[in-house]
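J.: Only the shape, not the letters, is given here:
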């Protein structure tokens, strides 16, 4: 699975950025070297390296696939299932919707690297099924072709390229949609708007700079309750994300915001440095210069047994000691709040979870939505082979906050013993920032009344007459639709 915890630096100058790559086979000598490289880097640097057998027993060149890309993926999947988590009896990288596939590790063809750097070349929207017969627009990136064409979150997609049979229970239909949305240069869609009018949306792929802040708003809830709301959708590189975050938080400051809602429901992670910056915008001033979190590496790295990694990145044994990988809070701007609400779903991962976990010991943190993805580990991207065609993303780092909390492999469950908040389903029938959108309305209600309980219909009641998925069906279809998406925590190197 292409899942990353964006807690790392993009350390290789050889990473080539492009979207919608083809995966035509390269010379056998190259692909065999890539297979060997994966094995040797994993044997040295992988967080769970000790479960990987000797080269002759593992035989990396034996892994095959219909393309070189898939062959490398199959090798990664095999490695990911070797180390068993004693707490669960299953691999640390066990992925419930797809047993046998890696939950965190993957090989990138350049698409992920480009996106994390703040550049996309696509339509600029994502689809999602909320029922077997109801396909919706999940989100739209500002400035993208979809945004320019007027597409909005919550629009129902009733036709794609002349096809109106969009049955979500059909594998062939899902494949058709995935190919049309992610692997085609153009698309024609019929959409149904909330006012029951229809529109034809014709899109061509185009390059655009990713704005990770999809929207931000301020709500005056009366009695002195001023709520800032921000949808942060990707932890892109700090140079891309910081100006957009500053714009939103300066607006919150100017409007006297005293409660904050950060919507991370579809944010799969990205740069750790950007997660740290977001934490520093949120955390109380009194926490400046106190511990934020610590990064931990495997024994090869901490004992100085890492010639491959050191040669590639210029690191030394000292770079991997816990005392040299402690990050402190440093308050940014002047927003003064003591409580923050995070809106989350199963797509909330990696750097998103790092952001939440870092703040848990420092202030009142409330989670609203569904259990998060579960990825307390991060990685350094490693370019493979002399042609730089593929990049390895695989965990080398485990993270803990100032209270030594970090074991959230099963995700963060809102309203549980460990995580305050409210468990609720996502509402894709409304646009972001609509105060009647279910998850946002729970946060606003809590600010006003001190409780999540509301005399309002739940999301399920909004789908009356729809063919609902069972929970296993829902997880399976999300996996199929989102298999191109990363979950990342890309590690930034501690300054000496």
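T.: That came through fine. Only a predicted model underlies this, so the values are computations on that prediction, with no experimental measurement involved. Residues are numbered from 1 along each chain as shown.
J.: care to break the chain down by domain?
T.: As assigned by automatic domain parsing, the chain contains the domains 121-209, 213-375+399-460.
J.: how about those, which one is nearest residue 95?
T.: Across those, residue 95 has its closest neighbour in domain 213-375+399-460 (9.8 Å, C-beta to C-beta). (C-beta placed from N, C-alpha, C; glycine too.)
J.: And that closest one, how far out from the chain middle?
T.: 12 Å (C-alpha atoms, centre = their mean, to the nearest Å).
J.: picking up where we left off before, among the domains of the chain, show me which one is buried the most.
T.: The highest mean neighbour count among these, using mean count of other C-beta atoms under 10 Å, belongs to domain 213-375+399-460: a mean of 20.
J.: Could you tell me the average pLDDT over it, please?
T.: The pLDDT scores in domain 213-375+399-460 average 96.
J.: Against residue 381, how distant is residue 308?
T.: 14 Å (C-beta to C-beta, to the nearest Å).
J.: again, but for residue 181
T.: Residue 181 is 25 Å from residue 381, by C-beta to C-beta.
J.: go on, residue 432?
T.: Distance, residue 432 to residue 381, by C-beta to C-beta: 30 Å.
J.: thinking again about what came up before, so which of the domains of the chain comes closest to residue 63?
T.: domain 213-375+399-460 (20.0 Å).
J.: Just give the nearest non-adjacent residue to residue 348, would you?
T.: Nearest residue to residue 348, sequence neighbours excluded (C-beta to C-beta, 6 or more residues apart in numbering): residue 372, at 4.3 Å.
J.: Is the one you found part of a helix or strand, or is it coil?
T.: coil (DSSP: H, G, I helix; E, B strand; the rest coil).
J.: and it, what does it touch?
T.: Counting by C-beta atoms under 8 Å, 6 or more residues apart in numbering, residue 372 makes contact with 344, 345, 346, 348, 349, 352, 353, 356, 408, 411, 412.
J.: so how far is residue 336 from residue 430?
T.: Residue 430 is 30 Å from residue 336, by C-beta to C-beta.
J.: my bad, residue 95
T.: In this view, residue 95 and residue 336 are 40 Å apart by C-beta to C-beta.
J.: For residue 39, which of the domains of the chain is the nearest?
T.: From the domains of the chain, taking C-beta to C-beta, the stretch that ends up closest is domain 213-375+399-460, at 11.0 Å.
J.: show me where the stretch 1-150 of the chain has helices.
T.: Here the stretch 1-150 of the chain has its helices, by DSSP state H, counting those that start in this stretch, at 28-45, 55-58, 68-80, 111-116, 145-148.
J.: Please state the offset of the second one from the chain centre?
T.: The reference is to helix 55-58. 33 Å.
J.: quick one: contacts of it?
T.: 39, 43, 52, 78, 79.
J.: Can you tell me which of those residues has the most neighbours?
T.: Highest neighbour count within those, by other C-beta atoms under 10 Å: residue 79, with 25 neighbours.
J.: who's in contact with it?
T.: Neighbours of residue 79 in contact, by C-beta under 8 Å, 6+ apart: 38, 39, 42, 46, 52, 58, 102, 105, 394.
J.: Can you get me a residue count around residue 50?
T.: Using other C-beta under 10 Å, residue 50 is surrounded by 12 other residues.
J.: Just give the nearest non-adjacent residue to it, would you?
T.: Nearest to residue 50 is residue 83, by C-beta to C-beta, 6+ apart, at 7.5 Å.
J.: So the one you found versus residue 139, what's the distance?
T.: Using C-beta to C-beta, residue 83 is found at 35 Å from residue 139.
J.: do the same with residue 167
T.: As judged by C-beta to C-beta, residue 167 and residue 139 stand 23 Å apart.
J.: Also residue 234?
T.: 10 Å.
J.: Let's test this: mean pLDDT of stretch 96-110, rounded?
T.: Across stretch 96-110, pLDDT averages out at 91.
J.: Ramachandran angles for residue 318?
T.: Main-chain torsions, residue 318, degrees, to the nearest 10: phi -60, psi -30.
J.: Do a quick rundown of the strands in the stretch 51-200 of the chain.
T.: For the stretch 51-200 of the chain, the strands defined by DSSP state E, counting those that start in this stretch occupy 84-85, 90-91, 106-108, 119-122, 125-131, 134-140, 156-160, 186-192, 198-204.
J.: Distance to residue 218 added to these, as CSV?
T.: Shown next, in CSV, are the strands of the stretch 51-200 of the chain (distance: least, C-beta to C-beta, whole Å):
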stretch, distance to residue 218
strand 84-85, 43
strand 90-91, 44
strand 106-108, 38
strand 119-122, 28
strand 125-131, 26
strand 134-140, 21
strand 156-160, 29
strand 186-192, 29
strand 198-204, 30
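J.: For the stretch 351-496 of the chain, which segments are assigned as helices?
T.: Counting by DSSP H, counting those that start in this stretch, the stretch 351-496 of the chain has helices at residues 351-359, 438-449, 459-462, 471-482.
J.: now residue 413, nearest residue through space, not along the chain?
T.: Spatial nearest neighbour of residue 413, chain neighbours left out: residue 371 (4.4 Å); criterion: C-beta to C-beta, 6+ apart.
J.: Tell me if I'm right that the one you found and residue 349 touch.
T.: No - the criterion here is C-beta atoms under 8 Å, and residue 371 misses it with residue 349 at 11.2 Å.
J.: Distance check, the closest residue to residue 347 other than its chain neighbours against residue 70.
T.: Once flanking residues are discounted, residue 347 sits nearest to residue 266: 4.8 Å by C-beta to C-beta, 6+ apart. Going from residue 266 to residue 70 by C-beta to C-beta gives 26 Å.
J.: Tell me which residues are up against stretch 202-214.
T.: 19-20, 115, 118-124, 139-146, 149, 151, 184-189, 230-236, 240-241, 244-245, 247-248, 432.
J.: quick check, nearest of the contacts of residue 79 to residue 297?
T.: When the contacts of residue 79 are compared for distance to residue 297 (C-beta to C-beta), residue 46 wins out at 10.6 Å.
J.: which residues touch the residue lying closest to the closest one once chain neighbours are set aside?
T.: Of all residues not flanking residue 46 in the chain, residue 394 sits nearest, at 5.8 Å (C-beta to C-beta, 6+ apart). Taking C-beta under 8 Å, 6+ apart, we find residue 394 in contact with 41, 42, 45, 46, 76, 79, 80, 104, 105, 106, 379, 382.
J.: same question, residue 428
T.: 128, 130, 136, 138, 153, 154.
J.: ok, back up a step: for the residue nearest to residue 348, what are phi and psi?
T.: phi -70, psi 180.
J.: what do you get for residue 313?
T.: Main-chain dihedrals, residue 313, degrees, to the nearest 10: phi -110, psi 0.
J.: Quick check, residue 228 in contact with residue 254.
T.: No - with contact defined as C-beta under 8 Å, residue 228 does not reach residue 254; the gap is 10.5 Å.
J.: For residue 204, give its distance to residue 234.
T.: Applying C-beta to C-beta to residue 204 and residue 234 gives a distance of 22 Å.
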